[in-house]
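In: please find the sequence and the predicted model below.
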Amino acid sequence: MKAMPPMPEQIRTETTKGILACLVAATSFGLMFPVMASALKRVDPFTFTSLRYLTAAVASLVVLLMKEGPQALRVRGESIGRAWLLGSLGFAGFGFLVFLGQQLAGRDGALMTSIMAATQPLLGVLILAVVNRALPPLATLGFIVLSFCGVILVVTRGDIGGFLNAPQNYAANLLILLGMTCWMIYTFGAARFATWSPLRYTTLTMCLGLTTILAINAGLFAVNAITVPSVADLIFIVPHVLYMGLIAGMVGVLCWNIGNKLLAPLNAALFLNMVPLVAFAVSALLGVLPTHIQIFGACVTIAALIGNNLYPRLAMRRTPTVSGRTTA
């Protein structure tokens, strides 16, 4: 018997869940860059990434077994090689490249990395265009560009010319950009595992990607490219590992995959523009008050998020014969 298409009320409910999930993910991601700024003063990004995802993978595995049972560990015809590749890109590629770039950037690394996170919707557009050989709807593309413009106003305080003329650490920027690209490939790769729940996709890809993380970390130790952290340094980063592993690593990634499945990758990616805004809000709480142009930029980004979610509903109302589900 052919499955009935979801009803409008069901679509609204799933869209709301997707939005909330993406907001939780974006908030947790935005906070992780200031957390990493402190941790990277004591340990290298490779060792920290290993500890982070080891913690997250164990916690996710326990939750998966409790919720879906041992049968959730069976691949069931899906490509384990593809799952390993996506997990390696999403967790090893993102963790190593982004946080190495943040460390190379020095004092401004956390802010610069959070700014680069706002480029991911545009990276998503490019990936989607390459894979599908077609651009997204012009409205979606317009909202992405508008939201990014709002972020630029926030982080530059309106002095865009000064921002463009400032000296840049190109090696750091390139590493961060490559890491963000790895994350977007991981995000779009979830569509290849449509029969898996977001929890299952998160856990299995993370566990498989962890093998790559540990192998690279062990290889770097073996050739003395990095040194084993001292006991004092390991004790110091325990709170950082717990936040990055359990909150940003497990809860954040799980919420991201939930939102990605409910809203579609390109729409979910738009919420990554909230990442630098969260970092900006943390700075404000620490005493760095926003300027008027920064407040305006934040409003522009929020308006783009709202507009991108309202537009499909208005379009659907204007077209009474629409069938199937809409995007967020």
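Out: In hand now; what should we look at?
In: helices of the stretch 101-250 of the chain, residue ranges please.
Out: With DSSP state H, counting those that start in this stretch applied, the stretch 101-250 of the chain shows helices at 109-117, 120-132, 138-156, 160-165, 170-189, 198-222, 231-236, 238-242, listed in chain order.
In: from the chain's centre, how far out does the second one sit?
Out: To tie it back to what came earlier, the one meant is helix 120-132. 15 Å (C-alpha atoms, centre = their mean, to the nearest Å).
In: ok, the longest one next?
Out: Chain-centre distance of helix 198-222: 17 Å, with C-alpha atoms, centre = their mean.
In: gap between residue 112 and residue 93?
Out: In this structure, residue 112 and residue 93 are 19 Å apart, going by C-beta to C-beta, to the nearest Å. In short, each C-beta sits where N, CA and C put it, glycine included.
In: need the contact list for the closest residue to residue 242 other than its chain neighbours.
Out: Spatially, and ignoring its direct neighbours in sequence, residue 242 is nearest to residue 55 (7.1 Å; C-beta to C-beta, 6 or more residues apart in numbering). Contacts for residue 55 (C-beta atoms under 8 Å, 6 or more residues apart in numbering) come out as 241, 242, 245, 246, 249.
In: what pLDDT does residue 55 get?
Out: In this model, residue 55 is scored at 96, pLDDT.
In: mind checking what secondary structure it has?
Out: For residue 55, the assignment made with DSSP: H, G, I helix; E, B strand; the rest coil gives helix.
In: among the helices of the stretch 101-250 of the chain, which comes closest to residue 266?
Out: helix 120-132 (5.3 Å; C-beta to C-beta).
In: which helices and strands does that closest one pack with?
Out: helix 138-156, helix 170-189, helix 265-269 (3 or more C-beta pairs under 8 Å, 6 or more residues apart in numbering; DSSP states H and E).
In: mind putting those helices into CSV with distance to residue 45?
Out: Shown next, in CSV, are those (distance: least, C-beta to C-beta, whole Å):
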stretch, distance to residue 45
helix 138-156, 23
helix 170-189, 10
helix 265-269, 24
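In: distance check, the nearest residue to residue 291 once chain neighbours are set aside against residue 149.
Out: Leaving aside its sequence neighbours, residue 291 sits nearest to residue 157 (C-beta to C-beta, 6+ apart; 5.5 Å). According to C-beta to C-beta, residue 157 stands 14 Å off from residue 149.
In: any idea of the pLDDT on residue 316?
Out: 66.
In: ugh, wrong one, I meant residue 150
Out: 81.
In: and it, what is it in contact with?
Out: By C-beta under 8 Å, 6+ apart, the neighbours of residue 150 are 273, 297, 298, 299, 300, 301, 302, 303, 304.
In: how close does it sit to residue 274?
Out: Residue 150 is 10 Å from residue 274, by C-beta to C-beta.
In: which neighbours do those two share?
Out: Shared contacts of residue 150 and residue 274, counting by C-beta under 8 Å, 6+ apart, come down to residue 301.
In: need the winner for burial among the helices of the stretch 101-250 of the chain.
Out: helix 109-117 (a mean of 24; mean count of other C-beta atoms under 10 Å).
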